[in-house]
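Visitor: missing the sequence, but the structure's below:
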Ligand SMILES: [Zn+2]
C-alpha cells in the first residue's frame, strides 16, 4: 500500500490487515502511556482545504501517538478556482520533507492528483475528497461493526474476521456522500450486504452497478432487521439549492427517513446504530436514537484514532522501504501476519514504550 | 515567380491515382499530362511524389478557439492558424468568446485582419449572438455581417443561448443576411457545477454530473423554434445518442438544422475521467460508449453534417490542478483528420469523399465560406490538403504547432499524416512542416503584430 485514496484500493486481505492492525493499536490506547515510538522522526502533514476539526484532530492524535512530527497546514480559503495552489502546496510540503500527507479537499480526486501528478514523494492519505471517498471513515465504521457484531469473549475485536453475512443499511444523502461511497465499497469487499436508503433525489443517477441494494423506504428496510444502521448527515444547504432543494422540508425528511425512537424499537436487539458525525439531532436522527445504548457513535470517534494509527503505520513503516522506518521493528510485530494475537502486540509495544 | 507544384500519382478524394498541377493559385491541370501544363521552367516546378496519398479540399473548421484577443498566453491567431495548417485546414472559424468578446464589427474585423496577416489559413470570425455572451441583448449582428469580416456564423459558444425568446429573435434576425445561429446546447440550470457526464462513472468517482438531457432538451427546443420561424440552426458539438435522434427527427421534418460532432466525442468516453486528469475535462463532456457509437453512426449516415474541432487551447496552469479547478476544453486542430480516419475511414464507415464532405464541403456551406470546400477540378482555387493515410505517428503535444499542450490524445498512436497544405496555391505546409518564413519578423516574434 503506497497511498490510501479509496476503499477500492483495498482487497479483502488488505482491509482485514488494516482492521487487525487497528485492533492492536486500540489495545495500546487502553494503557496509561499511549504513545508508541514507531514513527519517530517521520513527518505527517495534515493538509486541510476544507474545515473539519474532528477529522483533523483524529489524524493529529493518531500521528502523535505514533511519535510522528505533525504539521497542520490549513489551506482553507485557497479557493478551488485558484487551482494552482494544490500543486504549489504539494511542492512546498515535498521540500519540507513530508513523509505522509493527509489531505481533505472539497474537489473529488484532489488526493488522487496529489498522489499521481509527480509533485511529491509522500504517501497520501485521503481524509475526504468532495463527493468521492473518505476511506478512513469507512475503515473505522467497519472496525466498529466488526467489534460489535463478530467479537467474542476471547477475540473481542473480531481480529481476522470479515463482515460476511451482516446486513448494513446506509440511510440518507447518498448522492453527496463520500462516506456512503467508501462504505459501500469496503463493506462489499468484506462480505457484508448493503442497502442504501434515500429519497430518489439523494441517490446518484448511475447508482445501478454499485454493489448495494437501493430502497426509497426506510421502514421497509428496517423491517428486514439490519444488523447495523448507518445514518448519514444531511446538510441543511441541501434544502435551498437549484430547483428548491432535494426534499420539500426538514419535517418531511425526518418523517420519512429520520431514525427516531419508534423506528429504533423495531430493530433486532443486537443491531447497532452508527453516524459519522457531526449529527443533526432532530433531522436525520432523534436524540432518543443518538443517545440510546445501541448507538456506537462515540465509540466510532475513539476507533477513528486507532484506525488512522494503523493506516499511517502501514503506509510509513509497513514495507520498511524507507530509511528511518527501522524503529517500527519491535514496536509492533510484523503486520503481514494477521494471526498475531492482539495481546502479544500490546505486550511487545508496552515493553518498547517503557 | 510563384512556386508551382505537381502532385504525382495522387488520389483525389481517395479515387484513382492521377497527377494534379497547382499553379497560379488554382488547380491548373489534372491528368497524366498535368505536368505539361506548367508554364514554369522545370526548375521552378516542385514535383511531389504522392504515390498512395489522398488529396482533399482544404479542411474548414467551423469551431475553433483562437483565444486572441485576450488569452494570448494560451494561443494566438498566428499560432492557432499555424496549427490549423499543420492539421490540413485552410479556413477556420474563430469563436466569439474572446476578451473583448467578438460582439462588434470592430473586434471581428480585428480578428479577421490578424488572420489575414498571419496567412496560415483564412480566418472567419464568429460573431457573438448576445452582447458580452451575457444572453440578454442581441449583439449588433447586422454590423458584423456587413463588416469586412462578413460574419455569417453567430454563436455564444461556451454559453448556451438559453432564453427561448432571445434564441427565437436571433434565429429570425440573421435571415436578413443568410446567417446561422450555432448553438452551444447546454441547459444551464441542469448543469450548475457540472464536471462530467452524469452516469455510472460520475456516480462512482463523485464528480457532479452533466446529464445528457441538458443538451437534448435545448436541441429539441431549438429545432422547433427553427421550424417555427423558418430559420437555419446549427448545433455545435453534439455528444449524445439522444441528440442524434432529435436531429434525425428534425431533418425528417425538413427543418433547416445542421449538426457537428468533435473528434474527441468520436473516440473518447467518460471512462477517461477515472484518473482525474483534467486533460479529459471538456464541455460538453465525454459521454458513454453507446453515445460514441451513436455519433459515429450519425456522422456516417449524414444526420451529423460535419466534424468540427472545438479546438480549445489552455495554459498549463489551467490544467495542472485538481479536476474541479481546471478549465474545460482540449486541443484538436492537429489530430482531427487522423481521428476521423481512425474512427470512420479505417473502420469502413466512410470513404475519403465522405471525409471531404464532413470536414470541408459541408462546413464551408454552413459557414457560407467562398472558395473553400470546392470540388477538386481545373480552375478551382487551390485550397487543398495532401494526406498520407499509411503513416502512423504518436501524438506529442509539446511538438505540436499549437501553443498549448492540452491534447487528450497525448501518447496515442494515430493513423495518417498531413503531408502538405495549400492555401490558394501557396504551400503553408510541406513535408509535414509548416512553412515559416524566417525572414518574416512576425514568426520570429512568435505572433503576428498588427
Ligand atoms: Zn461549445
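Guide: Structure's in. What do you need? Predicted model only: the values in this text are computed from it and were never measured.
Visitor: for the closest residue to residue B:371 other than its chain neighbours, list the residues it contacts.
Guide: The spatial neighbour of residue B:371 that comes closest, neighbours along the chain excluded (CB to CB, 6 or more residues apart in numbering or on different chains), is residue B:381 at 4.6 Å. Yep, even glycine has a C-beta here, placed from its N, CA and C like the rest. By CB atoms under 8 Å, 6 or more residues apart in numbering or on different chains, the contact list for residue B:381 reads B:25-27, B:371-372, B:374, B:424-425.
Visitor: quick one: residue B:381 from the ion, how far?
Guide: For residue B:381, the distance to the ion (CB to the ion, to the nearest Å) stands at 30 Å.
Visitor: which residues does that residue bridge with?
Guide: residue B:26 (DSSP bridges).
Visitor: for it, give its distance to residue B:117.
Guide: Distance of residue B:381 to residue B:117, computed by CB to CB, to the nearest Å: 20 Å.
Visitor: and if you look at residue B:429?
Guide: 18 Å.
Visitor: those two: which has the busier surroundings?
Guide: Of the pair residue B:429 and residue B:117, residue B:429 is the one with more neighbours under other CB atoms under 10 Å in any protein chain shown, namely 25 against 14.
Visitor: helix or strand: which one has that one?
Guide: Here residue B:429, judged by DSSP states H and E, is contained in strand B:426-430.
Visitor: other residues contacting the helix or strand following that strand?
Guide: Next along the chain after strand B:426-430, taking DSSP H and E as the criterion, comes strand B:433-434. Contacts with strand B:433-434, where a contact means CB under 8 Å, 6+ apart, come from B:82, B:85-86, B:120, B:401, B:428.
Visitor: among those, give me the pair with the biggest separation.
Guide: B:401 and B:428 (10.7 Å; CB to CB).
Visitor: and residue A:154, how many neighbours does it have?
Guide: 6.
Visitor: quick one, strands of the stretch 201-350 of chain A?
Guide: According to DSSP state E, counting those that start in this stretch, the stretch 201-350 of chain A carries its strands in the segments A:213-215, A:228-231, A:272-274.
Visitor: residue B:50 touches residue B:387, doesn't it?
Guide: No. Look at residue B:50 against residue B:387 with CB atoms under 8 Å: they stay out of range, at 9.6 Å.
Visitor: what residues are shared contacts of the two?
Guide: Residues touching both residue B:50 and residue B:387 (CB under 8 Å, 6+ apart): residue B:419.
Visitor: which one's more surrounded, the two?
Guide: residue B:387 (27 against 24).
Visitor: quick one: that one is in a helix?
Guide: No. Applying DSSP: H, G, I helix; E, B strand; the rest coil, one finds residue B:387 to be strand, outside a helix.
Visitor: now do the same contact list for the residue lying closest to it once chain neighbours are set aside.
Guide: Of all residues not flanking residue B:387 in the chain, residue B:54 sits nearest, at 4.7 Å (CB to CB, 6+ apart). Contact analysis of residue B:54 by CB under 8 Å, 6+ apart lists B:10-14, B:352, B:386-389.
Visitor: need these in a markdown table (columns: pLDDT and distance to residue B:416).
Guide: Shown next, in a markdown table, are the contacts of residue B:54 (pLDDT from 0 to 100; distance: CB to CB, whole Å):
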| residue | pLDDT | distance to residue B:416 |
| --- | --- | --- |
| B:10 | 98 | 15 |
| B:11 | 98 | 13 |
| B:12 | 98 | 17 |
| B:13 | 98 | 15 |
| B:14 | 97 | 12 |
| B:352 | 98 | 11 |
| B:386 | 98 | 11 |
| B:387 | 98 | 6 |
| B:388 | 98 | 7 |
| B:389 | 98 | 5 |
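Visitor: closest point of the stretch 351-450 of chain B to chain A, which residue?
Guide: Residue nearest to chain A within the stretch 351-450 of chain B: residue B:406 (14.0 Å; CB to the nearest CB).
Visitor: need the strands for the stretch 351-450 of chain B, in chain order.
Guide: Using DSSP E, counting those that start in this stretch, strands in the stretch 351-450 of chain B cover B:384-394, B:413-423, B:426-430, B:433-434.
Visitor: so which of the contacts of residue B:381 comes closest to residue B:193?
Guide: Looking across those and measuring by CB to CB, the closest to residue B:193 is residue B:372, at 39.7 Å.
Visitor: could you tell me how many residues sit around that closest one?
Guide: Residue B:372, neighbours per other CB under 10 Å, totals 24.
Visitor: shouldn't it be in contact with residue B:365?
Guide: No. Applying CB under 8 Å as the test, residue B:372 and residue B:365 come out as separate, 9.6 Å apart.
Visitor: any weak-confidence spans in chain B?
Guide: Per-residue confidence for chain B (pLDDT under 70) gives these ranges: B:1-2, B:40-43, B:438-450.
Visitor: any residues of chain A in contact with the ion? List them.
Guide: Proximity of chain A to the ion, by CB under 5 Å from the ion, involves no residues.
Visitor: domain boundaries for chain A, per the record?
Guide: Annotated domains of chain A cover A:7-134+A:303-316, A:135-300 [automatic domain parsing].
Visitor: just send the ones you listed back as TSV, with distance to chain B and mean pLDDT too.
Guide: Formatted as TSV, the domains of chain A follow (distance: least, CB to the nearest CB, whole Å; pLDDT from 0 to 100):
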stretch	distance to chain B	mean pLDDT
domain A:7-134+A:303-316	3	91
domain A:135-300	3	95
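Visitor: which helix or which strand is home to whatever residue of the stretch 1-150 of chain B ends up closest to chain A?
Guide: When scored by CB to the nearest CB, the stretch 1-150 of chain B has residue B:73 as its residue closest to chain A, at 13.7 Å. Following DSSP H and E, one finds residue B:73 outside all helices and strands.
Visitor: and the gap between it and residue B:316?
Guide: Distance from residue B:73 to residue B:316, by CB to CB: 10 Å.
Visitor: all set now, cheers.
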